[in-house]
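K.L.:
Can you look at this prediction? I've put the sequence above it.
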Amino acid sequence: MSLALQRLRKQCVVALLVPVLGLSGCGGRPIGVMTPTGVSLPGTSSVDMLVATTRAPSEDPAILFSGERGTGLRLDAVKVSIPPKGNREIGQVQWPQKLPGDPLKDFTTVSVDTIDKAQGGRSWLKQHLPRNRRMMIFVHGFNNRYEEAVYRFAQIVHDSGADVAPVVFTWPSRASIFDYNYDKESTNYSRDALEELLQLAADDPAVGEITVMAHSMGTWLAVEALRQMAIRDGRVSAKIGNVILASPDLDVDVFGQQIAAFQGKGPHFTIFVSQDDRALLLSRRISGNIDRLGQIDPSIEPYRSALERAGITVIDLTKLKSGDKLNHGKFAESPDVVKLIGSRLVAGQTITDSEVGLGEAVGSVALGAAQTVGNAASVAVSTPIAVFDPRTRRNYGRQVERLGASVGNTLTSVDTVGVSVGETAEEALPRRAGTVNSACFAIRDKSRADACDGRR
């Protein structure tokens, strides 16, 4: 690429990033919170976690690991102290304003111990696995420092009440919005290491079930590592039963190819999406204007039918309000959503074991839609939370029937250049029972999708 083209590209990226700059500052957050305090005060809580990383070690022990790429997979046992309930807001990481932090008000690091990758890792799991033998592996997203990944996952584990052995995989991120491409290549750099970690966990006889949760750009890394495992071993380990993708910064076309590698035998996917995610809007603009998986509207075609056929659960958080101005971290900041993760998804439960589907229950309880759930038109046309499972579909179907044929007659599919194409409900409901051609998942043009699906 010529120097002139490089400059032009940088200017374009900067122009796109300018509106975000005012929303993404650290607010004077001190650097160096990984210095162990050795203090656990009465009234505070603590989260013990295993931290796996492909980052290069930092020369500063207060930082521990930099954003540069290291060699091989390294493990540390880290304990994080969390302030008493009355001194913090659920869903938030409370960073110290100065060092050392006050454990009664701030998240602090109690201890950090480097451990051996194989035997040390197994020993740690043996000590920290709960009676249900579940573990959860979290993969952070773009623009994260080491301590941000550690503290954020500590917050998620604590606030969700997840009964798991928590493991965070943190990959080399320079934590700068101007290093998007470096971070993206760092996820590629880390695929083998994450697959190695997953395999080590799956091979441990003490481990019963594994949930993988990934956020933003980390979803690419997580799905790629699972895809590699499926290709290398012919399948993904049966212990890896659930994969949660939060605000996935994934090209929808690429995701369609990725899930095809599982051949219908992979883990169950749950995806948190939000159409007002401003970070993913930026990612879409600098990635060829292709839809990002975390920003789709799962209620419209062809996504709706494709997700149903693939058996993917989609939870739409668009109407959920949070303190994140970019609307990119709703899954972690909402008390109701993190509790849903801890009490239901990690346990591998289908989200329909009550008399009503979660599409209604959470729509009214967690997302503040009590005014709309009693209205069949509102539920059918603008569901605040969309969960694609049989019970919720049946419930919506009965509501639409009560409302009459005037509701739901026309669905809309959007082609690759944003032109609306009318599609009747009969055309959109084929969608025949049987296996789905996963390669057709991401085709957004109606005629191409029909041909791929064998309807023409």
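P.N.:
Yes, it's here.
K.L.:
so Arg73 is in which element?
P.N.:
Rather than Arg, residue 73 is Leu. strand 65-82 (DSSP states H and E).
K.L.:
Could you list every helix and strand in contact with that strand?
P.N.:
strand 45-57, strand 108-115, helix 119-128, helix 146-160, helix 191-203 (3 or more CB pairs under 8 Å, 6 or more residues apart in numbering; DSSP states H and E). For the C-beta atoms, the positions are set from N, CA and C on the backbone; glycine is no exception.
K.L.:
Quick one: closest of the ones you listed to Pro36.
P.N.:
strand 108-115 (4.9 Å; CB to CB).
K.L.:
Mind listing residues that contact the closest one?
P.N.:
33-40, 46, 50, 64, 74-81, 96, 100-102, 121, 123-124, 147, 150 (CB atoms under 8 Å, 6 or more residues apart in numbering).
K.L.:
at 6 Å instead, please
P.N.:
34, 36-37, 40, 75-79, 81, 101 (CB atoms under 6 Å, 6 or more residues apart in numbering).
K.L.:
can you check stretch 214-233 too?
P.N.:
139-142, 187, 190-191, 194-195, 212, 236, 245-250, 258, 261-262.
K.L.:
Flag every buried residue along it.
P.N.:
Neighbour-count burial for stretch 214-233, counted by 16 or more other CB atoms under 10 Å, picks out 214-230.
K.L.:
pLDDT on it, on average?
P.N.:
For stretch 214-233, the mean pLDDT works out to 95.
K.L.:
And Val314, how far from Thr53?
P.N.:
31 Å (CB to CB, to the nearest Å).
K.L.:
repeat for Gly38
P.N.:
Gly38 is 22 Å from Thr53, by CB to CB.
K.L.:
before we move on, what about Ile156?
P.N.:
For Ile156 relative to Thr53 (CB to CB), the value is 18 Å.
K.L.:
residues of the strand holding Leu73 that come out buried?
P.N.:
65-67, 70, 73-82.
K.L.:
hmm, back to that, just name the most buried of the helices and strands packed on strand 65-82.
P.N.:
Counting by mean count of other CB atoms under 10 Å, helix 146-160 has the highest mean neighbour count of the helices and strands packed on strand 65-82, with a mean of 25.
K.L.:
and the buried residues of strand 65-82, which two are the farthest apart?
P.N.:
Farthest-apart pair in the buried residues of strand 65-82 is Gly70 and Ile82; separation 28.0 Å (CB to CB).
K.L.:
Okay, now the unreliable bits of the stretch 251-400 of the chain?
P.N.:
347-400 (pLDDT under 70).
K.L.:
where exactly do the strands run in it?
P.N.:
268-273, 313-316 (DSSP state E, counting those that start in this stretch).
K.L.:
contacts for the longest one?
P.N.:
When contacts are taken as CB under 6 Å, 6+ apart, the neighbours of strand 268-273 outside the stretch itself are 242-246, 294, 296, 312-317, 331, 345.
K.L.:
likewise stretch 238-252?
P.N.:
202, 209-217, 219-220, 267-272, 277, 283, 290-294, 328, 331, 345, 348, 442.
K.L.:
Look at Ser58 and say how many residues are nearby.
P.N.:
16 (other CB atoms under 10 Å).
K.L.:
so it sits right up against Ser66, yeah?
P.N.:
Yes: using CB atoms under 6 Å, Ser58 is in contact with Ser66, at 4.5 Å.
K.L.:
For the helix or strand hosting Pro166, enumerate the helices and strands it packs against.
P.N.:
Element membership for Pro166 (DSSP H and E) is strand 165-170. Secondary-structure packing of strand 165-170 (3 or more CB pairs under 6 Å, 6 or more residues apart in numbering; DSSP states H and E): strand 45-57, strand 134-139, helix 146-160.
K.L.:
I'd like the ones you listed laid out as TSV, including distance to Leu307 and mean pLDDT.
P.N.:
As requested, the helices and strands packed on strand 165-170 are exported to TSV (distance: least, CB to CB, whole Å; pLDDT from 0 to 100):
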stretch	distance to Leu307	mean pLDDT
strand 45-57	31	98
strand 134-139	22	97
helix 146-160	24	96
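K.L.:
can I get these in CSV with distance to Leu340?
P.N.:
Converted to CSV, the helices and strands packed on strand 165-170 look like this (distance: least, CB to CB, whole Å):
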stretch, distance to Leu340
strand 45-57, 19
strand 134-139, 14
helix 146-160, 8
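K.L.:
Looking at these, which is nearest to Pro172?
P.N.:
strand 45-57 (4.9 Å).
K.L.:
ok, the closest one: who's next to it in the sheet?
P.N.:
strand 65-82 (antiparallel), strand 165-170 (parallel) (DSSP bridges).
K.L.:
how about those in CSV, adding mean pLDDT and distance to Arg304?
P.N.:
Below are the strands paired with strand 45-57 laid out as CSV (pLDDT from 0 to 100; distance: least, CB to CB, whole Å):
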stretch, mean pLDDT, distance to Arg304
strand 65-82, 97, 39
strand 165-170, 98, 32
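K.L.:
which ones are touching Thr318?
P.N.:
Thr318 makes contact with 274-276, according to CB under 6 Å, 6+ apart.
K.L.:
The closest residue to Glu195 other than its chain neighbours: helix or strand, and which one exactly?
P.N.:
Computed as CB to CB, 6 or more residues apart in numbering, the closest residue to Glu195 that is not its neighbour in sequence is Ala225, at 4.4 Å. Using DSSP H and E, Ala225 maps to helix 218-233.
K.L.:
between that helix and strand 134-139, how many degrees?
P.N.:
Calculated by axes from the mean of the first three to the mean of the last three CA atoms, to 10 degrees, helix 218-233 forms an angle of 120 degrees with strand 134-139.
K.L.:
about what we covered before: of the contacts of stretch 238-252, just the buried ones, ChimeraX syntax please.
P.N.:
Filtering the contacts of stretch 238-252 down to the buried ones (16+ other CB under 10 Å) takes a single ChimeraX command:
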select :202,209,210,211,212,213,214,215,216,217,219,220,267,268,269,270,271,272,277,283,291,292,293,294,328,331,345,442
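K.L.:
Give me the distance between the residue nearest to Thr71 when sequence neighbours are not counted and Ser216.
P.N.:
What sits nearest to Thr71 in space, not counting adjacent residues and going by CB to CB, 6+ apart, is Ala56, at 7.8 Å. Per CB to CB, Ala56 is found 22 Å from Ser216.
K.L.:
Could you report the neighbour count for Arg131?
P.N.:
7.
K.L.:
From Ala206, how far off is it?
P.N.:
In terms of CB to CB, Arg131 sits 12 Å off from Ala206.
K.L.:
Then Lys319?
P.N.:
41 Å.
K.L.:
Can you add distance to Gly91 and give the strands paired with strand 45-57 back as JSON lines?
P.N.:
Formatted as JSON lines, these follow (distance: least, CB to CB, whole Å):
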{"stretch": "strand 65-82", "distance to Gly91": "12"}
{"stretch": "strand 165-170", "distance to Gly91": "17"}
